[in-house]
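Visitor: Turn this into a structure:
(4 chains)
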4 protein chains.
Amino acid sequence: MTINDLLTDIRSFLDTVVFPLEKELGQSSFRELVPRLAKVREEVKRRGMWAPHLPRELGGLAMPLTEFAHVSALLGESPIGHYLFNCQAPDIGNCELLHGHGSTEQKNTWLVPLAAGEIRSCFAMTEPEFAGSNPVNMATSAKRDGNDYVINGHKWFASSADGASFAIVMAVTNPEAAPHKRASQIIVPMNTPGVTLVRNISTMGHEGSDWMSHAELRFTNVRVPIANRLGEEGAGFALAQERLGPGRIHHCMRWIGICERAFRLMCERAVARELSPGEPLAKQQGIQFWVAESRAEIDAARLLVLDTAQQIETLGAHQARDRISLIKFHVAGVLGRVLDRAIQVHGALGLTDETPLAAWYAHERGARIYDGPDEVHKSSVAKRILKSYSAKRTAP
Amino acid sequence: MTINDLLTDIRSFLDTVVFPLEKELGQSSFRELVPRLAKVREEVKRRGMWAPHLPRELGGLAMPLTEFAHVSALLGESPIGHYLFNCQAPDIGNCELLHGHGSTEQKNTWLVPLAAGEIRSCFAMTEPEFAGSNPVNMATSAKRDGNDYVINGHKWFASSADGASFAIVMAVTNPEAAPHKRASQIIVPMNTPGVTLVRNISTMGHEGSDWMSHAELRFTNVRVPIANRLGEEGAGFALAQERLGPGRIHHCMRWIGICERAFRLMCERAVARELSPGEPLAKQQGIQFWVAESRAEIDAARLLVLDTAQQIETLGAHQARDRISLIKFHVAGVLGRVLDRAIQVHGALGLTDETPLAAWYAHERGARIYDGPDEVHKSSVAKRILKSYSAKRTAP
Amino acid sequence: MTINDLLTDIRSFLDTVVFPLEKELGQSSFRELVPRLAKVREEVKRRGMWAPHLPRELGGLAMPLTEFAHVSALLGESPIGHYLFNCQAPDIGNCELLHGHGSTEQKNTWLVPLAAGEIRSCFAMTEPEFAGSNPVNMATSAKRDGNDYVINGHKWFASSADGASFAIVMAVTNPEAAPHKRASQIIVPMNTPGVTLVRNISTMGHEGSDWMSHAELRFTNVRVPIANRLGEEGAGFALAQERLGPGRIHHCMRWIGICERAFRLMCERAVARELSPGEPLAKQQGIQFWVAESRAEIDAARLLVLDTAQQIETLGAHQARDRISLIKFHVAGVLGRVLDRAIQVHGALGLTDETPLAAWYAHERGARIYDGPDEVHKSSVAKRILKSYSAKRTAP
Amino acid sequence: MTINDLLTDIRSFLDTVVFPLEKELGQSSFRELVPRLAKVREEVKRRGMWAPHLPRELGGLAMPLTEFAHVSALLGESPIGHYLFNCQAPDIGNCELLHGHGSTEQKNTWLVPLAAGEIRSCFAMTEPEFAGSNPVNMATSAKRDGNDYVINGHKWFASSADGASFAIVMAVTNPEAAPHKRASQIIVPMNTPGVTLVRNISTMGHEGSDWMSHAELRFTNVRVPIANRLGEEGAGFALAQERLGPGRIHHCMRWIGICERAFRLMCERAVARELSPGEPLAKQQGIQFWVAESRAEIDAARLLVLDTAQQIETLGAHQARDRISLIKFHVAGVLGRVLDRAIQVHGALGLTDETPLAAWYAHERGARIYDGPDEVHKSSVAKRILKSYSAKRTAP
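Guide: I've put the predicted structure just below:
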């Protein structure tokens, strides 16, 4: 199946199966919906569209990042798009970690069922006591004791922990090492004694449930085998960084997808809603401006992300790191503006849950915060750029 | 009690009684909280701070608009501030209508218990089938039949209808009249046969309940006495306009209050949260910019609203109508920016319901939509201004 | 020579020859500088870099639009870059018109010396009495009289008319035709009796001179042979539209070039200027934000323009017309923001004429106005987009 | 004469005398215009409107800051308004300095003729080698030698130095003192040997002349009596700070005046310019938005500045220092946006010098830079605000 064929199939599947499902999402908790969604996931498998980013041996379509980016934009048009195709965060990132750095046993135990969509996972890194924007600040520790690590710590915003089978936990294993070499990533089954899901954190008025939730977790003398560590001891940050490159493409293309849906809803509303008979909103110049500005911003943002995916594939994530930072805040900004305009065009309807706009408006406010607030990315990329000018200056 | 004494008392009451209550608000539905809040309302009465905007004979403090504006800004610092002092929308507007235009019987039946906080009310104007920004577009009709009106129609975003004792309903009584003279305002007890609360509309993921809700209502052959009409037949729009002037001051000062609270939370977070030991967020220049810009914008917006209240008192709402439009969108814009910055400074915490910021961010998105979208106000005020230039041009 | 080799050569030529010339530009009028620049143009020819967009038979490098776009961005880094390489507006557009639609005689007489840089030309379309954004509104007429047209009219913002050998004049030849078929484009030698250059219009404090000027022109009973008409009678608008597609790419890529230069100057200043010893501006977070935001916006804008050039080449200007409108206002917006930030980083120096920033700030304010104000482009592209949604709506 | 009478008189004088003069300003250098303007200044005196801010004994109207603010806004409507009424910067600030801190002899020698408009002055503080935003960084020195100071240094952006009779020069007299106590302000007659006006700095393409210019100055062994020092030795910064408070009000109200004129021109153009017959620009919703937004922003900004003037008068400049910083960047921002919109509404005409908009657009870009860039004001006011929150935090 070519990428274009796949995109056509997904487009049709969205229109006929996924979008109609969204209403139910608004009326029940995600947990209640899980059995229903499981059947749709089976249908996705049957149609040969499952997990396009995964290698064939794991049931996927082995699609390169530059092609999968297009898929991601399409799936982003529905809040449950990625989930249905098993390429949702945080599982997609955990799959990439396990595939790249897992031992054979880790792969068999965790990656295979994760790729098959039989289990879910979470990633526990951020701690409430420390600014997430400085990941070196971390109190969770994993101390060796015989063949085990004993983990103690406090995490939050562990997305989708509710119902997950395992967490990948970032913990300090080497407190004496250089700041960026202190932590390791350790697989912790969620049913290990000492792991407590304190609560699903209420955000924007919702605790959510199951995959659609963000947990606060406590780890109290949690004991797991040293063999559960991913990669080298002290490699936690390096792995986290590596996870970020393609992860940023996934996020950004998903945001592009949200923008495209919001854009379409905005246009549809503008032509359908009349201020007075024969006077649709579409005739209002202010709305025309928003349509034009949104189209330009979305197109430019999409090209920027695709070009960055290309850079990652050809130059590697390290060489592409400036761009990986740039797209984070740039696309998050476009997302915020497009959603805001789409809601305004809908008027009171835009505030209701009869379109996905309101939920996105509330929950994607986080886009400018998660994975490091925009401001951190702006500063860090600018420092690197400015450093290159300093270097020129002081060159002979 | 002078206005300054009252403001001091309210500030202290907010700090010691109201803010601590907010957490419970997040954990239970508003309906569950009503008995609890009723006790606090009693305490407000006991302390002589009840309903400062109402005349003394109705139990209030007879405060003029220019003074009450300051009270409103203070109460706005909590989502339940106005409710606790019985000056919450839509009851405050309905009180003003009844006080200004109600018959003695209407006042005794509805205004007295409303002023005492014994009952609540709602206002049913917007219809889902018509753009709210053009209030002339309206299908709800009230046809005379003997001594009664028979009302049929469909309304939504009737805030606080859930639990209200009566609605003031805007309905077309004179379909042949000029567009702005077709509708009347009619008091409809909510328990009248034919009145159906279809649902509390889910907005930003919440249906809400009781005072904190927005209802969809159906009126099917609802029969009420003609004596339930407020003011003249056909005067519905004129009354609605009149209601808007002071109502705009109430809303805008409440938004200023939200801004002040958000500003304070932003500053408190900035000095408390450290990026690394000894490096609070407050040292980040980007955050300093937001603090300074917010302070300037809030101060300027407050002065603009206060000056407009002054204009309403001295010139009347009609003469002040340009300003009444200007503050609507100007202050809503400041509100949006200040909330956005405050959330960003809080990082992930800003997305949680541990501060009121997230709820405000979600639910005050409506500030740019309700009472007519910003765009309508901008156009209409600009047209009046530009017309005055046209007039000069064509003068001899 | 490959495009990359050419770009390397141009970069080096800019650094060593062109940038050092800019200071003199500030100190003398353009007219005084012409002889000096003529020598540099000879050098450009000698180095084989002349007019890369022109076909080889006209002395150019026959570069396709998608490649020339990169050249244009590079030349845009200096206010005199395009002039030195003979690809400056309005001559580049006139060359395209003559090449595509000129008769053999027109080509021999006008195109050959224009391509060689021996003469200059201008384009006279906008009229002071009519909004430029509605090109159908036009009073200049060309009436047939024997074998001649007799032209009467009033034009302004005819850029570079001062010193031009001929103008291409838009004039109504068919007043009874449909609005878009009324005008024709006619070649008028500037020394024809009845052609008056009323003045070089002072803009932002400058009248300018020669190529760097915008003229007001009067045409009073100007008689030219009918053979001077370009293309069919009544084809004036169609030709003007055709001229716009590639012309937009040229403008936008030139703006990208200005952005790149401004970005570099901003970074260089930020690392060089110290607030106190050891505290360069580059350490200020606010400046870091501007650097990061500018980098993201320039990169995204560049990709958008290049993709549009690709669309023009593969689909044609008509199919690409939405994008051609989108890039106009999108890139003009980026240009404005980047220049503004660069000036702010320079402080008082940014206001002086010691960098090209101030001149660009003043004179490229026009970027949001010339070729149709941004607002017209936004409206027209949005109307086309919204129309496609209307069509879907009313489809069976 | 009451303030309202004066404002009426000035409005009429502007309409009949000043605005018609502006065109000539565009066509000649300021120097050429000086004799002509001198006559208008005489007329201002005759009409009893001269220098309203000055005490009566100096020929003024003894108007308090809160009243003069309104005058300043009115005069700001013309680029030459303040000059004609002798309340132009930098003379107005120098008058305040001399009046508050000058010795009797200094007053007789410099203040009396300055107040009478017989001479002009300048203020030499900023140095090209040091960031103006950090006034402690300064190399100009004044060393005692007998009864004289010997001054050496390099200044720029000494506005109006061309043609001035004296400069007030900021120079380090006490290099060993604490940073803010090192400099003194010294009166230096411009014809003192060793004072060189290197050039009028070309900004935005203009060198300007006379009062409308910004000079680069060199001081080489310039010898003036110690009696020329203003105030105490080392009090230079304190005096500069003091000068800033009312100076900020003057600047900000002048900017408000520019905004009002730009607003009026925008509205006049919008109703006069037709896109097609019967379709004035005023019908475009985009332009309506700009009109409404501008009106709200200007009104709010004006109230903020007036309230700040009130604070200065009642609390003193020190207590009001936060607000003095806030209005600087807030009003400069409004100014920039309003001018930008007014130009856009004028289209190509807005770029020409047929309205004052283009000159203001170019030269008031400096508003965000002079008197300390906006960013410095934002940071410093935010630091003070945030400090107060820190203090609360650490209080017992």
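
Visitor: can stretch A:180-191 be found next to chain B?
Guide: No - judged by CB under 8 Å from any CB of the partner chain, stretch A:180-191 makes no contact with chain B; its nearest approach is 13.6 Å. Yep, even glycine has a C-beta here, placed from its N, CA and C like the rest.

Visitor: C-alpha coordinates for stretch A:164-172, CSV please?
Guide: Extracted C-alpha coordinates of stretch A:164-172, given in CSV (Å, rounded to 0.1, in the frame of the first residue of the first chain):
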residue,chain,number,x,y,z
ALA,A,164,-1.3,1.0,32.1
SER,A,165,0.5,-2.3,32.5
PHE,A,166,3.9,-0.7,33.0
ALA,A,167,5.6,2.6,33.5
ILE,A,168,9.0,3.6,32.2
VAL,A,169,10.3,5.5,35.2
MET,A,170,13.1,8.1,35.2
ALA,A,171,15.0,7.8,38.4
VAL,A,172,18.4,8.9,39.7
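
Visitor: Now do the buried residues in the biggest helix by length in chain A.
Guide: For chain A, the helix with the greatest residue count under DSSP state H is helix A:236-272. By neighbour count on 16 or more other CB atoms under 10 Å in any protein chain shown, the buried set for helix A:236-272 is A:236-240, A:242-263, A:265-271.

Visitor: How about stretch A:98-105?
Guide: Neighbour count says stretch A:98-105 has A:Leu98, A:His101, A:Gly102 buried, by 16+ other CB under 10 Å.

Visitor: ok, and what's touching that stretch?
Guide: Stretch A:98-105 has contacts (CB atoms under 8 Å, 6 or more residues apart in numbering or on different chains) with A:54-55, A:58, A:106-107, A:110-111, A:114, A:227, A:230-231, A:239, A:242.

Visitor: can you do 6 Å?
Guide: Here stretch A:98-105 makes contact (CB atoms under 6 Å, 6 or more residues apart in numbering or on different chains) with A:Lys107, A:Trp110, A:Leu111, A:Leu230, A:Gly231.

Visitor: again, but for stretch A:106-125
Guide: Contact with stretch A:106-125 is made by A:41, A:54, A:58-59, A:86, A:90-91, A:94-95, A:98, A:102, A:155, A:158, A:160-161, A:164-170, A:217, as judged by CB under 6 Å, 6+ apart.

Visitor: how long is it end to end?
Guide: 20 Å (CA to CA, to the nearest Å).

Visitor: buried residues in that stretch?
Guide: Across stretch A:106-125, burial judged by 16+ other CB under 10 Å covers A:106-107, A:109-111, A:114-115, A:117, A:119-125.

Visitor: returning to what we had before: out of the contacts of stretch A:98-105, list just those in strands.
Guide: Counting by DSSP state E, the contacts of stretch A:98-105 place A:Leu230 in strands.

Visitor: quick check: angle from the helix or strand bottoming out on mean pLDDT in chain A to helix A:236-272?
Guide: Lowest by mean pLDDT, DSSP states H and E among the helices and strands of chain A is helix A:19-27, with a mean of 85. Using axes from the mean of the first three to the mean of the last three CA atoms, to 10 degrees, the direction of helix A:19-27 lies 110 degrees away from that of helix A:236-272.
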